[in-house]
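**Q** from the sequence below, what's the structure:
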Amino acid sequence: MNLPQPIMSWLLACCVFGGSAAGLQDNRSFWDNFERICEAPRSASTALLQGTWRPELDRAMAEILSTAGRAGVPLKKLERGETIRFGAKFADPGRPSHWLRAEAPDNSYWIDLLAYERTLHAQTVMGHVNQAHSGVMEPRRATFITLRVDGGRDAVAAVVRNGRSIINVGYQVPFKILAPSEGENSASELLEVANAIDRVAWLLDVSREALLLSKREQLDPAPEVSVRTRRIAGLARIWSEVRYNFVFIDERPGLDWDRAFTEFLPRVEAAENDAAYVAVLEEFVALLKDGHSWVYPTGSARELTDSPPLLIVPVEGQPVIVDVADELRTRIAPGTAITSIDGVAVGEYLATHIHPRICASTTQDRNERACARLLDGIPGTTVEVVLTRPDGSSDRLDLRRDASKHEAFQARQTRPPFEIRELAGGEVYVALNTFADAVVVEEFDQHFEQILGAPALILDLRENQGGSTRHAFAILSRLISEPNQHTSRWRTRVHRPAFHAWGHPSEWFEGRHGVVEPRGEQPFSGPVAVLIGPRTYSAAEDFLVPIQSSGRAQLVGKPTGGSTGQPLTFNVHAARVGIVSKWDYLPGGGEFVGVGILPDVEIEATRADIAAGRDAVLERALELVRDQR
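**A** Model (predicted):
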């Protein structure tokens with residue numbers, strides 16, 4: 001599934017929750033959530049319980065925060081405190097030799113990584129976890145829902161001890177969770193508890209990926225291996241995973257993957273630093289031409305890039321500035337095109353410096369990502385650009401790569417997951433900017449009475465780069481009165497080594513498609529238009545397949561990014577890598593990966609629209625739904 005353009009929060013987010021599912025049901029019970037808290041975190045908690053942890057907890061926490069941030073879950077580091085929160089209980093953390101803490105700005109998520117000098121000390125602290133709960137409470141592992149807590153501090157939590165180390169993650173629930181003897185929470189509250197369980201299970205799984213050493217790392221510890229060897233091993237790992245798991249390997253007849261490995265090997269060895277090494281890996285994986293196969297820098301390599309405070313997107317075939325930091329507004333206006341970079345025509349610059357490193361399934365997706373990275377470079381350095389304003393005048397500017405220091409600009413680029421407003425004709429406009437967070441479902445349900453009373457509904461998915469298909473289908477389930485079976489189908493490769501030796505053709509496992517069941521007492525039955533574009537991606541495309549195939553809504557805008565699936569993720573030196581292992585396709589057998597989901601009514605914003613602050617796509621959608629009334 002997957003997530004994200006400038007920093008690809010798109011793709012990881014689109015992938016972290018993963019998996020297709022039918023629409024969420026309203027008839028959950030306490031016992032359904034009891035089973036869920038016992039099962040959902042089991043795989044990750046068992047791995048953390050039994051596996052070998054990395055000694056560098058700081059590096060692991062940095063990877064956890066980076067992955068969470070790309071998934072739309074910002075976690076902020078905190079200083080040590082006097083107490084630690086286990087579920088709803090605040091306890092003495094003892095005297096950890098190492099304690100890393102982080103939590104979400106709204107105090108919803110939290111995570112702690114702790115290490116102690118002696119195992120006995122960690123055991124003592126683990127003994128503080130027990131409290132009124134439902135779930136699993138073992139000496140070294142606890143995955144539980146708190147109960148009988150006053151003051152709105154109920155939570156879902158997971159705590160695991162591995163030797164002298166402890167991981168503690170949790171998610172606060174904004175209401176009292178009732179034990180069976182106290183009654184039962186409402187259907188929406190039970191659903192929110194289920195979502196909280198999934199959030200904790202997800203964060204625990206992210207932590208597992210960051211904390212555990214692979215078998216190869218255990219056999220060949222990284223600190224004793226030269227950087228050159230680790231870089232070569234990273235390239236070889238990618239080659240191997242693609243050879244055996246990349247789902248589209250037979251769809252790339254022009255790609256000689258073995259030859260590519262030998263050609264990139266000397267480039268990996270010659271890389272001046274980790275940032276240059278990761279850039280080579282990006283080019284290697286970009287040969288796959290798949291948006292759900294990617295390379296992300298980690299550690300110091302991740303911190304070596306910044307850009308000027310501009311938001312750049314492709315408009316009318318050229319990179320156009322659509323937002324700019326307040327400090328630059330006197331020189332740069334929205335709708336301004338970039339025509340030259342450091343003395344090189346922008347087309348040549350893209351082809352030479354940017355496109356070779358872009359992992360994308362479609363031309364429109366590649367152009368979006370290329371524009372987002374167009375002016376990236378070493379933080380604090382300057383880049384010379386030639387600009388053409390909407391009125392035709394030109395200017396030459398030196399721009400500093402310091403967007404990370406412009407807090408107001410950065411805040412504007414961070415959209416809330418859910419936005420709603422009533423339009424002039426009474427239509428309700430809802431922007432679903434992600435499916436990575438269950439809050440979009442919660443907010444949609446909370447505002448559903450307003451939506452139900454509207455003459456038409458506009459859903460804006462132009463900035464939705466994916467997340468959980470389950471959340472996507474939960475929205476769709478409020479718009480239908482009959483089960484929707486028009487969801488995408490999927491397949492994955494099956495490995496039978498002996499069959500390969502005998503020359504048999506490749507085999508496939510064909511997955512079952514999901515069915516979206518209606519949810520709630522009454523669906524919204526009025527006209528629906530969905531705004532889409534190249535940044536509509538992954539789980540957002542999974543949402544579009546059934547809503548378009550069933551004729552429930554009209555899609556307005558530009559073709560979507562054209563990439564979804566399930567990446568197989570792993571770490572190599574200085575980077576995290578994903579290789580897509582799941583092939584999704586339309587219910588009738590057609591393809592949308594590598595193509596994009598096509599709008600029913602195609603319309604693109606122009607530079608003049610951007611300069612005037614006009615949303616031409618929304619205006620056209622309003623015309624359509626008003627014609628249907």
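
**Q** so, low pLDDT: which residues of the stretch 101-250 of the chain?
**A** Scanning the stretch 101-250 of the chain for pLDDT under 70 picks out the ranges 151-152, 215-224.

**Q** so where do the strands sit in it?
**A** Under the criterion DSSP state E, counting those that start in this stretch, the stretch 101-250 of the chain contains strands at 109-115, 133-137, 141-146, 155-162, 165-172.

**Q** mind putting these in JSON lines, distance to Ala403 and mean neighbour count included?
**A** Any C-beta I mention is one placed from the backbone N, CA and C, and that applies to glycine too. JSON lines is the format used below for the strands of the stretch 101-250 of the chain (distance: least, Cβ to Cβ, whole Å; neighbours: other Cβ atoms under 10 Å):
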{"stretch": "strand 109-115", "distance to Ala403": "26", "mean neighbour count": "23"}
{"stretch": "strand 133-137", "distance to Ala403": "43", "mean neighbour count": "19"}
{"stretch": "strand 141-146", "distance to Ala403": "40", "mean neighbour count": "25"}
{"stretch": "strand 155-162", "distance to Ala403": "35", "mean neighbour count": "26"}
{"stretch": "strand 165-172", "distance to Ala403": "31", "mean neighbour count": "25"}
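
**Q** closest to Ala360 out of those strands?
**A** The closest of those to Ala360 is strand 109-115. By Cβ to Cβ, the value is 30.5 Å.

**Q** that closest one pairs with which strands, parallel or anti?
**A** strand 98-103 (antiparallel), strand 165-172 (antiparallel) (DSSP bridges).

**Q** tell me the angle of that strand relative to strand 155-162?
**A** Angle, strand 109-115 to strand 155-162, by axes from the mean of the first three to the mean of the last three Cα atoms, to 10 degrees: 20 degrees.

**Q** outside of strand 109-115, which residues touch it?
**A** Contact with strand 109-115 is made by 57, 60-61, 64, 68, 73, 75, 84-85, 93, 96-104, 122, 125, 164-172, 199, 203, 207, 211, as judged by Cβ atoms under 8 Å, 6 or more residues apart in numbering.

**Q** what about dumping the CA coordinates of that strand to PDB?
**A** The C-alpha coordinates for strand 109-115 follow below in PDB (Å, rounded to 0.1, in the frame of the first residue of the first chain):
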ATOM      1  CA  TYR A 109       1.200   7.800  20.800                       C
ATOM      2  CA  TRP A 110       4.300   7.200  23.000                       C
ATOM      3  CA  ILE A 111       7.300   5.000  22.900                       C
ATOM      4  CA  ASP A 112      10.200   4.300  25.300                       C
ATOM      5  CA  LEU A 113      13.400   2.400  24.700                       C
ATOM      6  CA  LEU A 114      15.300   1.500  27.900                       C
ATOM      7  CA  ALA A 115      18.500  -0.300  28.700                       C
END
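
**Q** so for Ser563, which of the strands of the stretch 101-250 of the chain sits nearest?
**A** strand 109-115 (27.3 Å).

**Q** for that closest one, the distance to its chain's centre please.
**A** 21 Å (Cα atoms, centre = their mean, to the nearest Å).

**Q** over to stretch 248-261?
**A** With Cα atoms, centre = their mean, you get 27 Å for stretch 248-261.

**Q** what distance separates the start and the end of it?
**A** 18 Å (Cα to Cα, to the nearest Å).
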